[in-house]
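Below are the sequence and a predicted model for it; my questions follow.
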Amino acid sequence: MSWDEYIRAKSVDEALDNLDRLHGAGRVLAGGTDLILQLQAGQKKAHCLLDVSSVSSLCGITHENGRISIGAATTHSQIGNSSLLFTNAPLLSEACSQIGSPQIRNIGTVGGNIVNAQPAADSVIGLLALDATCTIVSKDGVRNMPVSTLFSGPGISAVDSTQEILTEISFDAASSSAGSAFYRLSRRKAGSLPVLNCAVYLHYNNEENTITRLRIAMGPVAPTPIRLYETERVFTSDTFSMRLMKEALNKVFDEVNPRSSLRGGREYRNEMAKVLVKRAVLKALQIAGWKDSE
Amino acid sequence: MLIDLLREDLGLTGTKRGCGNGKCGACSVILNGKLVNSCLVPAMKANGSEIRTVEGLAGEGDLHPIQEAFLEKGAVQCGFCTPGMLLAAKSLLDETPNPSKEEIKLAISGNLCRCTGYTKIIEAIEALGKDDETGHRT
């Protein structure tokens, strides 16, 4: 067995006490769909697993004062099935609904997806476009970090699961003038890691025909999930037109740096990155009230 | 892992080990009402849970309507994916008694079959949805 002790924590405090007691030999477990495999392969180690999946304060989705909070142990299925999120953050519903398979989504969690830190983690791509903040607790206290700061490299999280616990993810609920879209390119319709994924969130001013706020997140086009900040700047620099779109898509090409892997070649991903950004921005614009007049 | 507990300790060998890493769905069981891959669930995580394996479908001597439908439609060839498929079907039908083809495909998207090409499996589940008399037993 890849671990010797297994504790099902009933509270965050109990989990933190155990992490402290174990001096780095403990490790937080939520759904385990990635971690279990890594432990079995020896890529990560743990003497004791601290299962936080049934801590009630870590599960659930709430909407208060225009801010949405999701417990880190909320499963991808719960996120995908949430009518609250479908209304207020549809791109996250869509992102989490495409992870793995029904079996994986029923047990895998959004917190686990973040801490597993893959460059194309679907929930993360969605959360980056939503400008989400993560709450991380340890015996030293609580820190609230933008989700964008939690990735040090492929599979390398800034959250140390042997010392601290990601408890909550929060972001502003979408405004009524917002549009959003999530696109995922993969070789199979299910059970398949993305060749590319892309999330767009924007505000559009109909009278002036301008995109007034824009976030574009994409993976895996870098060692970590990223925002395409320069592309965003192009889109918001002028009134919207297909000429502006073309200029922005050229910027996409400059900002992305995909590898070739068994899922797809670098050249293909470079081309498809532009296609996904175009599709996602147009879809988000249409939702926000833009009408194609060209 | 849960699959070992079920197969080795409890002798419930209906649950099959296919890939052992959560991709093929042959090891699927229903844990607290949710379809999961038992090869990825530490046994301790399942402590205190309600688990339905394929053995829990049939009543005393009778096959469950889902099993009947699979046999009638020719949805079973080697049978290795079948326990997982049956539970994926049950999981779907418990939520959505009359699923569309797309909903069925989504529900079994975590279950691989090397024999049937999925068509008959989808037909079997669809037939269950349309057959008001068959319904489903718990």
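Cool, got the structure.

Taking the centroid of chain B, which residue is nearest it?
What sits nearest the mean C-alpha location of chain B, by CA atoms, centre = their mean, is B:L87, with 1.9 Å.

what helix or strand does it sit in?
B:L87 belongs to helix B:82-95 when assigned by DSSP states H and E.

Give the next helix or strand downstream of that helix.
Counting by DSSP H and E, what follows helix B:82-95 is helix B:101-107.

quick one: the helix or strand following that following helix to helix B:82-95, angle?
Next helix or strand after helix B:101-107 toward the C-terminus (DSSP H and E): helix B:119-130. Per axes from the mean of the first three to the mean of the last three CA atoms, to 10 degrees, the angle that helix B:119-130 makes with helix B:82-95 is 30 degrees.

Helix B:119-130 and chain A, are they touching?
No - under the criterion of CB under 8 Å from any CB of the partner chain, helix B:119-130 makes no contact with chain A; the nearest approach is 13.7 Å. C-betas here are computed from N, CA, C, even on glycine.

Only the buried residues of the helix holding B:L87, if you could.
B:82-93 (16 or more other CB atoms under 10 Å in any protein chain shown).

Around A:N197, how many other residues sit close by?
Using other CB atoms under 10 Å in any protein chain shown, the number of residues around A:N197 comes to 28.

Can you name the element that comes right after the helix or strand it falls within?
Using DSSP H and E, A:N197 sits within strand A:194-205. Using DSSP H and E, the helix or strand that follows strand A:194-205 towards the C-terminus is strand A:210-219.

what residue ranges in chain B are flagged as low confidence?
Low-confidence segments of chain B, defined by pLDDT under 70: B:131-138.

For it, which residues are neighbours of chain A?
So chain B meets chain A at B:1, B:21-23, B:25, B:28, B:31, B:34-37, B:40-42, B:44-45, B:47, B:88, B:91, B:106-107, B:109-110 (CB under 8 Å from any CB).

Show me those that map onto strands.
If you go by DSSP state E, the residues of chain B next to chain A have B:28, B:31, B:34-37 in strands.

can I get the residues you listed in a markdown table with neighbour count and distance to B:L5?
Below are those laid out as a markdown table (neighbours: other CB atoms under 10 Å in any protein chain shown; distance: CB to CB, whole Å):
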| residue | neighbour count | distance to B:L5 |
| --- | --- | --- |
| B:S28 | 33 | 15 |
| B:L31 | 21 | 12 |
| B:K34 | 17 | 18 |
| B:L35 | 29 | 18 |
| B:V36 | 32 | 14 |
| B:N37 | 34 | 14 |
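
from those residues, which is closest to A:Q43?
B:N37 (19.1 Å; CB to CB).

Bridged to the closest one, which residues?
With DSSP bridges as the criterion, B:N37 is bridged to B:S28.

and the residue of chain B nearest chain A?
Using CB to the nearest CB, B:G110 is the residue of chain B that sits closest to chain A, at 2.7 Å.

Next up, the contacts around the residue nearest to the centre of chain B.
B:L87 is in contact with B:28-30, B:35, B:52-54, B:57, counting by CB atoms under 8 Å, 6 or more residues apart in numbering or on different chains.

got the domain boundaries for chain B?
Using automatic domain parsing, the domains assigned to chain B come out as B:2-56, B:65-130.

before we move on, what about chain A?
A:5-51, A:56-172, A:178-287.

how far away is the residue sitting nearest the centre point of chain A from chain B?
What sits nearest the mean C-alpha location of chain A, by CA atoms, centre = their mean, is A:V124, with 1.1 Å. Distance of A:V124 to chain B, computed by CB to the nearest CB, to the nearest Å: 20 Å.

Checking my notes, that residue in a helix, right?
Yes - counting by DSSP: H, G, I helix; E, B strand; the rest coil, A:V124 falls inside a helix.

For the residue in chain A that chain B sits nearest to, give me its contacts.
Of all residues in chain A, A:S101 sits closest to chain B, at 2.7 Å by CB to the nearest CB. Applying CB under 8 Å, 6+ apart, we find A:S101 in contact with A:190-191, B:23, B:25, B:109-110.

For it, which non-adjacent residue is spatially closest?
Using CB to CB, 6 or more residues apart in numbering or on different chains and skipping residues adjacent in sequence, the residue nearest A:S101 is B:G110, 2.7 Å away.

list the contacts for the one you found?
Contacts of B:G110 by CB under 8 Å, 6+ apart are A:100-104, A:190-191, B:25, B:28, B:35, B:37, B:88.

Format those as TSV; extra columns: distance to B:T116.
Formatted as TSV, those follow (distance: CB to CB, whole Å):
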residue	distance to B:T116
A:G100	22
A:S101	18
A:P102	19
A:Q103	19
A:I104	23
A:A190	17
A:G191	17
B:G25	14
B:S28	16
B:L35	19
B:N37	20
B:A88	14
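
looking at this, B:E8 is in a strand?
No - counting by three-state DSSP, B:E8 is not part of a strand but helix.

Tally up the residues packed near it, please.
Per other CB under 10 Å, the neighbour tally for B:E8 reads 10.

same thing with A:G289?
Using other CB under 10 Å, A:G289 has 11 neighbouring residues.

about what we covered before: a markdown table for the domains of chain A, including mean pLDDT and distance to B:P65?
Shown next, in a markdown table, are these (pLDDT from 0 to 100; distance: least, CB to CB, whole Å):
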| stretch | mean pLDDT | distance to B:P65 |
| --- | --- | --- |
| domain A:5-51 | 97 | 31 |
| domain A:56-172 | 97 | 21 |
| domain A:178-287 | 96 | 26 |
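
Distance check, the residue of chain A closest to chain B against A:Q118.
With distances taken as CB to CB, to the nearest Å, A:S101 is found 17 Å from A:Q118.

mind listing what A:K44 touches?
A:K44 neighbours (CB under 8 Å, 6+ apart): A:27, A:35, A:38.

Could you list which of these belong to strands?
A:R27.

quick check, nearest of the contacts of A:K44 to A:A15?
Using CB to CB, those come closest to A:A15 at A:R27, 10.7 Å.

Can you give me the neighbour number for the nearest residue to the closest one once chain neighbours are set aside?
The shortest distance from A:R27 to any non-neighbouring residue, by CB to CB, 6+ apart, is to A:A46 (3.7 Å). Look at A:A46: counted by other CB under 10 Å, it has 23 neighbours.

so how far is A:S157 from A:A46?
Taking CB to CB, one finds A:A46 at 15 Å from A:S157.

Mind putting the domains of chain B into TSV with distance to A:K278?
Below are these laid out as TSV (distance: least, CB to CB, whole Å):
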stretch	distance to A:K278
domain B:2-56	32
domain B:65-130	26
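
Quick one: closest of those domains to A:M272.
domain B:65-130 (22.7 Å).

The closest one: how far from the chain's middle?
Put simply, domain B:65-130 sits 8 Å off its chain's centre (CA atoms, centre = their mean, to the nearest Å).

Lovely, talk soon.
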